[in-house]
Structure formats: C-alpha cells, structure tokens
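Participant: quick one: sequence plus predicted model below, questions after.
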Amino acid sequence: MILYGDYHTHTEYSRNNHGKGSVLENASVAADKGLKQIAITDHGFNHMFYGVNRRDIPKVQEDILNAKEITGVDILLGVEANLISRDGDIDVMDEDFEFLNLLLMGHHRMVTMTKVKDFMALNMANMIGSPFAPSKQRLNQNTTAFLKALDKYPIDVITHLNYGFPTDTLAVARMAKQKGTYIELNGKRINFTDRELEIMASEGVKFIVNSDAHKPQMVGECNNGLNIIYRLGIPLSQIVNIDKLPKFQTKRG
C-alpha cells in the first residue's frame with residue numbers, strides 16, 4: 001500500500017500564520033517521504049482570516065515552478081473552497097479556473113457569505129448547534145447546500161465531510177459518486193461512522209487520503225485514513241491515490 005500523493009496541504013499563503021511553511025518546504029518533505037505528487041490547497045478566498053489572496057496566486061504559481069525544479073515532486077495548484085450560500089455557491093469565480101489544477105471544497109467557519117441569512121443559517125447555526133444531534137431542519141439545510149454545490153461546480157474533493165457541519169453523509173457521498181468527486185479520508189479527523197463508510201464503499205464511492213497538513217512536517221501523514229482503510233477492508237481500487245495517481249476534473253493540461 002503506497003501513498004502516491006497528498007492533495008490537501010496548506011502553506012503560508014493561508015493568511016495570519018494559519019499555514020506555517022512554504023511551497024518549497026511542503027515539496028521537500030514530500031520528496032523525503034517518497035511522494036510523487038502533492039497539491040497546494042490553501043483556504044478559499046472568502047475566509048475572513050485564513051483565505052489566500054487572489055493577488056498572491058501568481059506568486060504561488062512561481063513558487064510551485066521553483067519547488068518542482070528543486071525537488072522533482074510534481075506540484076498541483078488548488079484551493080480549499082468555502083461554501084458561501086444555501087444555494088450551493090462557493091468562493092471560486094469562473095476566471096479562477098484558469099489557474100486551478102484541482103478544486104477542493106469543505107465547510108469552514110467565519111466565511112463571508114452572499115447574504116446575512118446564509119451566514120446565520122450555515123455558519124452561526126452550526127457554531128451554536130450540536131454537531132452530534134442536529135435538528136432535522138439544520139441537517140436538511142446543510143445537506144442541500146452541499147448537494148447544490150456538487151451540482152454546480154467540478155469539485156474534485158469534499159474535505160473533512162461533517163466536520164462542524166453535519167450532513168446526510170450518504171446523500172452527499174452518493175451525489176459525489178455521480179459527479180466524479182472524491183470523499184476525503186482526512187489525516188486529522190474523520191467525522192462519519194464505520195457503517196457509513198462501509199455503505200459508501202459498497203456503493204462504489206471513491207475516496208482520497210489526505211493529510212490536511214498545516215505544517216510542512218505533516219505533509220504525507222495520512223495514517224488516520226490508512227488505518228481505517230486497513231481496519232475496514234476498504235478495496236484499494238476505490239482509494240484514488242494509493243498505488244496510483246488520481247485524475248481530477250479540474251486539471252488543466
């Protein structure tokens with residue numbers, strides 16, 4: 001079981017010291033650990049505190065080219081986009097796809113949303129409400145927003161599903177399968193049950209194992225997901241970055 005790539009890593013471009021290292025440092029750690037490919041996926045533009053600035057994207061691209069040459073690791077440029085409305089809008093514009101090699105999307109707190117009502121419904125309600133016993137209304141509202149986002153955008157990876165934002169896990173996973181989107185097995189946290197994971201696997205959902213590294217030394221540290229795969233006997237054919245490189249919808253040639 002060989003991990004070929006890590007597709008959820010953050011750098012200093014996630015503002016306010018949220019990401020700790022440089023593109024080169026992430027790539028150097030990846031090379032030391034034998035990874036063939038990584039992605040730089042800093043927080044989406046609408047995060048109030050941690051979001052990458054659009055004006056920094058040319059510098060990120062320059063850093064990626066430099067790090068590729070030095071380390072020999074293939075480096076993709078992506079973003080971990082944020083859900084910004086109940087209608088499934090995310091903080092990526094059409095012109096952003098010109099630089100994206102892959103698109104991740106997950107829920108994060110303290111994101112600028114399209115309307116105050118959306119902020120109250122998707123941010124405040126989930127900050128205040130229990131993550132373990134959500135009301136039927138909140139569960140349906142969260143799930144619907146995710147399903148609409150999957151329908152609107154070529155999302156490659158859903159990150160840390162259910163973390164601080166409970167959904168109907170199986171409904172999201174089934175839509176992800178239909179749209180060619182991978183469900184992440186996150187290196188820090190997995191917020192669905194073994195039974196849900198077994199059902200997803202039995203229905204042919206595809207998964208990706210990522211570190212969600214915010215420090216260079218954590219790049220490639222994916223034992224949380226790898227251990228669950230081993231323990232539950234999830235077929236390796238459904239893990240898109242084990243023993244092979246994944247294919248992404250968004251990737252430019």
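Facilitator: Okay, I see it.
Participant: mind listing what's buried in the helix or strand containing Arg231?
Facilitator: Using DSSP states H and E, Arg231 maps to helix 223-232. Of the residues in helix 223-232, 224-226, 228-229 count as buried by neighbour count, 16 or more other C-beta atoms under 10 Å. In short, each C-beta sits where N, CA and C put it, glycine included.
Participant: same check on stretch 88-95?
Facilitator: Applying a neighbour-count criterion of 16+ other C-beta under 10 Å, one finds 88-92 buried in stretch 88-95.
Participant: tabulate these (JSON lines), appending secondary structure, distance to Gln238 and pLDDT.
Facilitator: Shown next, in JSON lines, are the buried residues of stretch 88-95 (DSSP: H, G, I helix; E, B strand; the rest coil; distance: C-beta to C-beta, whole Å; pLDDT from 0 to 100):
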{"residue": "Gly88", "secondary structure": "coil", "distance to Gln238": "26", "pLDDT": "96"}
{"residue": "Asp89", "secondary structure": "coil", "distance to Gln238": "30", "pLDDT": "96"}
{"residue": "Ile90", "secondary structure": "strand", "distance to Gln238": "25", "pLDDT": "96"}
{"residue": "Asp91", "secondary structure": "coil", "distance to Gln238": "30", "pLDDT": "95"}
{"residue": "Val92", "secondary structure": "coil", "distance to Gln238": "27", "pLDDT": "94"}
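Participant: and of those residues, the nearest to Ile38?
Facilitator: Val92 (20.3 Å; C-beta to C-beta).
Participant: could you measure from the closest one over to Tyr7?
Facilitator: 16 Å (C-beta to C-beta, to the nearest Å).
Participant: need the residues that contact the helix holding Arg231.
Facilitator: For helix 223-232, contacts defined as C-beta atoms under 8 Å, 6 or more residues apart in numbering pick out 1, 3, 184-190, 194, 197-198, 201, 207, 209-210, 234, 236, 239, 242.
Participant: what about those, which are in helices?
Facilitator: Counting by DSSP state H, the part of those found in helices is 194, 197-198, 201.
Participant: buried subset of these?
Facilitator: 197, 201.
Participant: could I get the ones in helices among the contacts of helix 223-232 as CSV with distance to Pro131 and pLDDT?
Facilitator: Output for the ones in helices among the contacts of helix 223-232, formatted as CSV (distance: C-beta to C-beta, whole Å; pLDDT from 0 to 100):
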residue, distance to Pro131, pLDDT
Asp194, 18, 94
Leu197, 18, 95
Glu198, 22, 96
Ala201, 24, 96
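Participant: what's the closest of the ones in helices among the contacts of helix 223-232 to Thr41?
Facilitator: Proximity of the ones in helices among the contacts of helix 223-232 to Thr41 (C-beta to C-beta) peaks at Leu197, which lies at 22.8 Å.
Participant: nearest spatial neighbour of the closest one, chain-adjacent residues omitted?
Facilitator: Leu232 (6.2 Å; C-beta to C-beta, 6 or more residues apart in numbering).
Participant: before we move on, back to that, adding distance to Ser14, write the buried residues of stretch 88-95 out as CSV.
Facilitator: What follows is those, written out as CSV (distance: C-beta to C-beta, whole Å):
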residue, distance to Ser14
Gly88, 23
Asp89, 21
Ile90, 17
Asp91, 14
Val92, 16
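Participant: which of these lies closest to Thr112?
Facilitator: Of all the buried residues of stretch 88-95, Thr112 sits closest to Asp91, with 7.8 Å by C-beta to C-beta.
Participant: tell me who's in contact with the closest one.
Facilitator: 44-47, 51, 81-82, 84, 111-112.
Participant: please repeat the previous calculation with a cut-off of 10 Å.
Facilitator: For Asp91, the contacting residues are 43-47, 51, 79, 81-85, 105, 111-114, by C-beta atoms under 10 Å, 6 or more residues apart in numbering.
Participant: and the longest helix anywhere in the chain, which residues are buried?
Facilitator: The longest helix of the chain (DSSP H) is helix 136-152. The neighbour-count check on helix 136-152 (16+ other C-beta under 10 Å) flags 138-139, 141-150 as buried.
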